[in-house]
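Attaching a predicted model along with its sequence, questions to come.
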Amino acid sequence: MALEVRGLRARRGDFEIYVDSLSVNSVVVIVGRNGAGKTTLLDAIAGLIEASGVVEACGRDVSALPPERRGLAYIQSVPVDPPSRVDKFLRRVARMHGSEREVDEVVDALGIRPLLGRRDGLSTGQKQLVNLAAALLAKPCAFLMDEPTSHLDWANKKVFSDLVKRLGRPVLYVTHDPLEALYIADLICLMESGRIRRCTAERPDVGAAYEAAEALMSSYEQVGSSSAITPAARNV
Amino acid sequence: MDRLILSLASSAAVALLFLLILLPAYFVEAPPPGLLNAFAITAALGGLAALLSLPVGLATALAARRGGVWSAVAQILYVPAIVPPTSVGVLLLASFSLPRALCAGGIPVACPLSQFYDYFVNRPLGVLLAMFVMALPVSFSIYDGALKEERAEAYLRSLGFSGFALIGSLMSSLRPATVSALVFSWIRSFGELGALLIFASYPVTTSIYIYNAWLIYGVGPAVGASLAVMAAVLAIAYAVRAWLSR
């Protein structure tokens, strides 16, 4: 089991979340309105706020461990600026978790080779891909993603969503966009008032809607300047 | 609305230009000797104090985000910004005088600590300490604001960064905040008078130098020294900021 949560209870001020049981082995999307407790849930699983209950990652109990030892990579809605040049940052993360040999593989998979020599001037979408690349190199048991596309334009959102679908890694993904949830999820759970109300694997195919939207935006991009992440990332 | 914004901004700029540069320039005379020395000492010790304040300010801002007792503990870094700088000088002097008083009062364990008075009061270490204390609220508040906008800590910790590696990476990732904290703290060290006047007036820094120029030589040389320091600091700060933000 990549990520298993049992009896997790956490507070943020007067607000409390409680999750009886949640298993993440594929792309599990938590949907819910603002204030439903989605980010609090991810923070509790990541170990950033105090929580009771059990969090297991790769079969080991990590409930008492600090975030840096849980093996759960946490992608934020506002992507983090790489602390150094992209290639140096990725190599550093790779060294911390094994060797640098996998850097090239990840870089090519995400199509970010043109970004390697850069540090400044990265677009929000490019930064988010660099964040994802570093997270992949950290070899986590699972990914936690908190509205990772909320600051991306539609084209970059589509690129990122497609990458998440093709990662083949367990992801606990939070969004308040139901269409996005339907597009990327293997399992969708609804969160309300700090509780997961129901989960379902049944969903309509929204691929056609995404294709139509992509065609629309492709026409638009020919008119305006394109800020899409990189052409290669589209073809992963 | 645009006209209102531009009017307010230009009014403030014009008012400061007249009050702090053009009108006083009528009195300007050559600064008294020692300006370069005071400037160099302030630049060096102020720069070091600003650098030292960065990791401490960032660590405190991170601790404050834990909430609970930590957010209360973090507020103590605002104390130097809340109380008058002269109070900070008095309080530092009192702290470093305490071991002497205790030693004289028959408490021998305090006697070895009384040496700190000689190392700090009216010494370069004292200037550094006073500037460091006054720089902390600047670094803390800038990093605190930056961390509210970007959850860099959550991301980097989840990648395995911890300890000094985490603090160093955060300082680098939050580069605009780091540059601002460094530059503002450094600039602030040139204007720090109250704490230095009481706790460490030697070696002479720019604020003490200008204060002495006014007391000893009068308004004209003090105005000359003030304008010279102002021009140099603004030029250096602008260049440093442009270089670090490139």
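Great, that's in hand.

residues in contact with residue 161?
Going with chain A. Neighbour list for A:Ser161: A:Thr149, A:Glu180, A:Tyr183, A:Ile184 [criterion: Cβ atoms under 8 Å, 6 or more residues apart in numbering or on different chains]. Placement of C-beta: from N, CA and C, glycine included.

my bad, the chain I had in mind was chain B
With Cβ under 8 Å, 6+ apart, B:Phe161 has these contacts: A:Glu68, A:Met96, B:Ser169.

Which residue, neighbours along the chain excluded, lies closest to the last one?
Nearest residue to B:Ser169, sequence neighbours excluded (Cβ to Cβ, 6 or more residues apart in numbering or on different chains): A:Pro83, at 4.1 Å.

That neighbour looks like it's in a strand, true?
No - counting by DSSP: H, G, I helix; E, B strand; the rest coil, A:Pro83 is not found in a strand; it is coil.

Could you single out the nearest of the contacts of B:Phe161 to B:Ser180?
Of all these, B:Ser180 sits closest to B:Ser169, with 18.1 Å by Cβ to Cβ.

Mind giving me the packing neighbours of the helix or strand in which B:Arg188 is found?
Using DSSP states H and E, B:Arg188 falls within helix B:175-191. For helix B:175-191, the elements it packs on are helix B:35-64, helix B:124-149, helix B:206-217, helix B:219-244, judged by 3 or more Cβ pairs under 8 Å, 6 or more residues apart in numbering or on different chains; DSSP states H and E.

could you dump those to a markdown table with mean neighbour count and mean pLDDT?
Compiled in a markdown table, those are given as follows (neighbours: other Cβ atoms under 10 Å in any protein chain shown; pLDDT from 0 to 100):
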| stretch | mean neighbour count | mean pLDDT |
| --- | --- | --- |
| helix B:35-64 | 20 | 94 |
| helix B:124-149 | 22 | 93 |
| helix B:206-217 | 19 | 94 |
| helix B:219-244 | 16 | 89 |
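
Chain A is nearest to which of the ones you listed?
Of all the helices and strands packed on helix B:175-191, helix B:124-149 sits nearest to chain A, with 6.9 Å by Cβ to the nearest Cβ.

interface residues of chain A facing chain B?
A:43, A:46, A:48, A:66-70, A:72-76, A:78, A:80-84, A:93, A:96-97, A:120, A:131, A:134-135, A:138, A:140, A:144 (Cβ under 8 Å from any Cβ of the partner chain).

Now do A:Leu211 against B:Ala213, distance only.
You called it Leu, but residue A:211 is Glu. Distance, A:Glu211 to B:Ala213, using Cβ to Cβ, to the nearest Å: 75 Å.

again, but for B:Ala181
Distance of B:Ala181 to B:Ala213, given as Cβ to Cβ: 30 Å.

ditto for A:Pro114
From A:Pro114 across to B:Ala213, the span is 57 Å (Cβ to Cβ).

And for B:Ala44?
Going from B:Ala44 to B:Ala213 by Cβ to Cβ gives 21 Å.

Remind me what the longest helix belonging to chain A packs against, helices and strands.
Longest helix in chain A by number of residues, with DSSP state H as the criterion: helix A:207-223. Counting by 3+ Cβ pairs under 8 Å, 6+ apart, the packing neighbours recorded for helix A:207-223 are helix A:154-167, helix A:178-184.

Repeat the analysis, applying 7 Å as the threshold.
On a contact count with 3 or more Cβ pairs under 7 Å, 6 or more residues apart in numbering or on different chains; DSSP states H and E, helix A:207-223 meets helix A:154-167.

relative to helix A:207-223, how tilted is the helix it packs on?
If you take axes from the mean of the first three to the mean of the last three Cα atoms, to 10 degrees, helix A:154-167 sits at 140 degrees to helix A:207-223.

ok so, going back, just give me how far the longest helix of chain A sits from the chain centre.
Here the centre of helix A:207-223 is set off from its chain's centre by 23 Å, with Cα atoms, centre = their mean, to the nearest Å.

Pull out the buried residues from it.
A:Tyr210, A:Ala213, A:Glu214, A:Met217 (16 or more other Cβ atoms under 10 Å in any protein chain shown).

and if you look at stretch A:52-66?
So, applying 16+ other Cβ under 10 Å, buried residues of stretch A:52-66: A:Gly53, A:Val55, A:Glu56, A:Ala57, A:Cys58, A:Val62, A:Ser63.

Can you give me the end-to-end span of that stretch?
End-to-end distance for stretch A:52-66: 14 Å, by Cα to Cα, to the nearest Å.

Give me the contacts around that stretch.
For stretch A:52-66, the external contacting residues (Cβ atoms under 7 Å, 6 or more residues apart in numbering or on different chains) are A:1-9, A:45, A:47, A:70-72, A:141-142.

helix or strand for the residue lying farthest from the centre of chain B, which one?
In chain B, counting by Cα atoms, centre = their mean, B:Gly106 sits farthest out from the average C-alpha position, at 37.4 Å. Counting by DSSP H and E, no helix or strand carries B:Gly106.

separation between it and chain A?
B:Gly106 sits at a distance of 48 Å from chain A (criterion: Cβ to the nearest Cβ, to the nearest Å).
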